[in-house]
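Asker: Okay, here's the prediction I keep looking at, along with the sequence it came from:
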Amino acid sequence: MTMMKLGLGAVLVGAMVLAACDDGNGDATATDGTSPGSSGGTGLPGSSGNTTSGGPGSSGTSPDGGGDGGADPAGAEAPCTLDTKAYGSMKMWVCAPTGMPAGPAGLVVAMHGYTQGVVDPSSPNQAWGFKSTSQWATLAQQHKFYVIFPDKGTQAFSWYAFFGTSGIARSDLEPSQIAAMVKDVSAKYSIDPARVFANGLSAGAYMTTVMLATYPDVFAAGSMFEGGAYGCSTSCAALGKKGSGGWTWPGNHAASLVTGAYPTVWQSASAKKPRLLVFQGDADGAVTPENMADVVQQWKGATGTTGAGTTSTLKGHQYTEYTKDGQTQLATILMHGIGHGTPVDPGPGADQGGWDPVPSQTASSDANAKQDWTNTAGIWGPYYSAKFFGLIP
């Protein structure tokens, strides 16, 4: 795969989704429990067809487009502020919608890609950060839930600690500090503990599986844009080397890695387990589809989900649901012709949004040789993640 869109040297491209193995020994800060409850498990619509405008190839003209309006102006974004507290090597952005109704609300922890940052001051109009491209804050304002963006920054070798076996335990620095962010925001705002969710792109997607595995008592569900299994080493990412002889799939990762991460929940027959939605581009040469297959077998095993799943079409892509006890426990969206990045679908439709500053569908199709971390995929990943979480009806 020609990684033109990355616009990085070979060393940085090779590290795009890699993570440092922090050896921090910070104590867990979330209160242990048996389960965060259930956010609902009805899954996503089996088929939405292609009835909305702005399919692949369409691009947004500003970071404020999309969404379904509701009581707020279309494109209104929840105000986001950078907290002054340091969480290890991370900072925390908190997006708190205006006009919140009475009662507890949901919370999404949204984790950016390698060197992407929440905002990217060096990019045009700070366009390429995860906040602008994903438009999670826009969804939060429209549908009245909170968002946390853990921020590792945009410098080289700034990433989450998700790879291998070091730094990914419940008591290790970064997992415990992200859990601490949830605890701190829950102390300040009215957060429903049964509706706390994780999402991430690339490095942040791998970190999503870390958080679900290690804190299943905090997170009810998660979604990932091009990530992989809990316990992956750096060899899980092909980084453009598939087919060149420079990379081979290292093999699948056992469900026991997940069930051993926090046995209080994972090894309890009665405790509810986090649900997971996986987005994967079949043209992704950085984090290849082998990773999705690995996640499926690992999380089916960890949650006790059996069967081949039920496959249909969602926004023109292959959608597969795996159910247990009448609820969708695991789902995948395999996006044809789409590469590595947050899937977005700019347009005026109710389920359209996200922003692709340099419009493209795959990393290799960007003649500008820039990395805007986003692909116009005909499906807005954050919107359908929020539907999977039950934050959007």
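Answerer: That came in fine, so what should we check first?
Asker: Got the phi and psi for Ser256?
Answerer: Torsion angles at Ser256 (phi, psi; degrees, to the nearest 10) stand at phi -60, psi -20.
Asker: Give me the distance between Met90 and His112.
Answerer: 11 Å (C-beta to C-beta, to the nearest Å). C-beta: built from backbone N, CA, C; applies to glycine.
Asker: ignore the last one, Val185
Answerer: 18 Å.
Asker: Neighbour count: those two, which is higher?
Answerer: For Val185 versus His112, neighbours defined as other C-beta atoms under 10 Å are more numerous around His112 (33 against 20).
Asker: re the thing from before, which neighbours do Met90 and His112 share?
Answerer: Asp151, Lys152 (C-beta atoms under 8 Å, 6 or more residues apart in numbering).
Asker: Do I have it right that Thr209 meets Phe219?
Answerer: No. Using C-beta atoms under 8 Å, Thr209 is not in contact with Phe219, being 10.6 Å away.
Asker: neighbour-wise, which of the two wins?
Answerer: With other C-beta under 10 Å as the criterion, Thr209 and Phe219 differ in neighbour count, and Thr209 comes out ahead with 31 against 26.
Asker: Apart from its chain neighbours, what residue comes closest to that one?
Answerer: For Thr209, ignoring the flanking residues on the chain, the nearest one in space by C-beta to C-beta, 6 or more residues apart in numbering is Tyr230 at 4.4 Å.
Asker: Just checking: what are the partner strands of the strand ranked longest in the chain?
Answerer: In the chain, taking DSSP state E as the definition, the longest strand is strand 191-201. Strand 191-201 has the following strand partners under DSSP bridges: strand 105-111 (parallel), strand 221-225 (parallel).
Asker: quick one: the helix or strand that that strand is followed by to strand 191-201, angle?
Answerer: Next in sequence after strand 191-201, counting helices and strands by DSSP states H and E, comes helix 203-214. Put simply, helix 203-214 runs at 140 degrees to strand 191-201, going by axes from the mean of the first three to the mean of the last three C-alpha atoms, to 10 degrees.
Asker: which residues of this protein score low on pLDDT?
Answerer: 1-42, 45-71, 125, 163, 363-371 (pLDDT under 70).
Asker: Repeat the analysis, applying 90 as the threshold.
Answerer: 1-43, 45-75, 114-115, 120-128, 154-166, 233-251, 285-286, 357-360, 362-373 (pLDDT under 90).
Asker: Stretch 352-363: how far from the chain's middle?
Answerer: 16 Å (C-alpha atoms, centre = their mean, to the nearest Å).
Asker: Check stretch 173-188 too.
Answerer: 17 Å.
Asker: Show me what counts as buried in it.
Answerer: 173-182, 184-186 (16 or more other C-beta atoms under 10 Å).
Asker: One more: stretch 299-319?
Answerer: Buried-residue list, stretch 299-319, by 16+ other C-beta under 10 Å: Trp299, Lys300, Gly301, Ala302, Thr303, Thr305, Gly309, Leu314, Lys315, Gly316, His317, Tyr319.
Asker: excluding its backbone neighbours, what's nearest the residue nearest the centre of the chain?
Answerer: In the chain, the residue lying closest to the centroid (C-alpha atoms, centre = their mean) is Gly200, at 2.3 Å. Nearest non-adjacent residue to Gly200, counting by C-beta to C-beta, 6+ apart: Met111, 3.6 Å away.
Asker: what's the answer for Tyr146, then?
Answerer: Here the residue nearest Tyr146, using C-beta to C-beta, 6+ apart, is Leu107, at 4.6 Å.
Asker: Looking at strand pairing, list the partners for that neighbour.
Answerer: Tyr146, Val196.
Asker: quick one, what contacts it?
Answerer: Phe145, Tyr146, Val147, Ile148, Val182, Val185, Ser186, Ile191, Asp192, Arg195, Val196, Phe197.
Asker: Enumerate every residue touching the third one.
Answerer: Going back to what we said before, that points to Val147. So Val147 contacts Ala78, Cys80, Val94, Cys95, Leu107, Val108, Val109, Ala110, Trp136, Ala137, Ala140 (C-beta under 8 Å, 6+ apart).
Asker: now with 6 Å?
Answerer: Neighbouring residues of Val147 by C-beta atoms under 6 Å, 6 or more residues apart in numbering: Cys95, Val108, Ala110, Trp136, Ala137, Ala140.
Asker: Return the entry from those residues with the maximum number of neighbours.
Answerer: Of those, with other C-beta under 10 Å as the count, Trp136 tops at 30 neighbours.
Asker: That one and Gln297, how far apart?
Answerer: Counting by C-beta to C-beta, the gap from Trp136 to Gln297 is 29 Å.
Asker: need the helices for this structure, in chain order.
Answerer: Taking DSSP state H to define them, one finds helices in the chain at 10-14, 130-134, 136-143, 173-188, 203-214, 255-259, 263-266, 290-303, 381-389.
Asker: Could you export those as JSON lines, including distance to Ala283?
Answerer: Below are the helices of the chain laid out as JSON lines (distance: least, C-beta to C-beta, whole Å):
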{"stretch": "helix 10-14", "distance to Ala283": "16"}
{"stretch": "helix 130-134", "distance to Ala283": "19"}
{"stretch": "helix 136-143", "distance to Ala283": "24"}
{"stretch": "helix 173-188", "distance to Ala283": "30"}
{"stretch": "helix 203-214", "distance to Ala283": "17"}
{"stretch": "helix 255-259", "distance to Ala283": "28"}
{"stretch": "helix 263-266", "distance to Ala283": "34"}
{"stretch": "helix 290-303", "distance to Ala283": "13"}
{"stretch": "helix 381-389", "distance to Ala283": "16"}
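Asker: Nearest to Val278 among those would be which one?
Answerer: Evaluated with C-beta to C-beta, the helices of the chain place helix 290-303 nearest to Val278, the distance being 5.5 Å.
Asker: packing partners for that closest one?
Answerer: Other helices and strands packing on helix 290-303, by 3 or more C-beta pairs under 6 Å, 6 or more residues apart in numbering; DSSP states H and E, are helix 255-259, strand 275-281.
Asker: Could you dump these into CSV with distance to Ala127 and mean neighbour count added?
Answerer: Formatted as CSV, the helices and strands packed on helix 290-303 follow (distance: least, C-beta to C-beta, whole Å; neighbours: other C-beta atoms under 10 Å):
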stretch, distance to Ala127, mean neighbour count
helix 255-259, 36, 19
strand 275-281, 21, 28
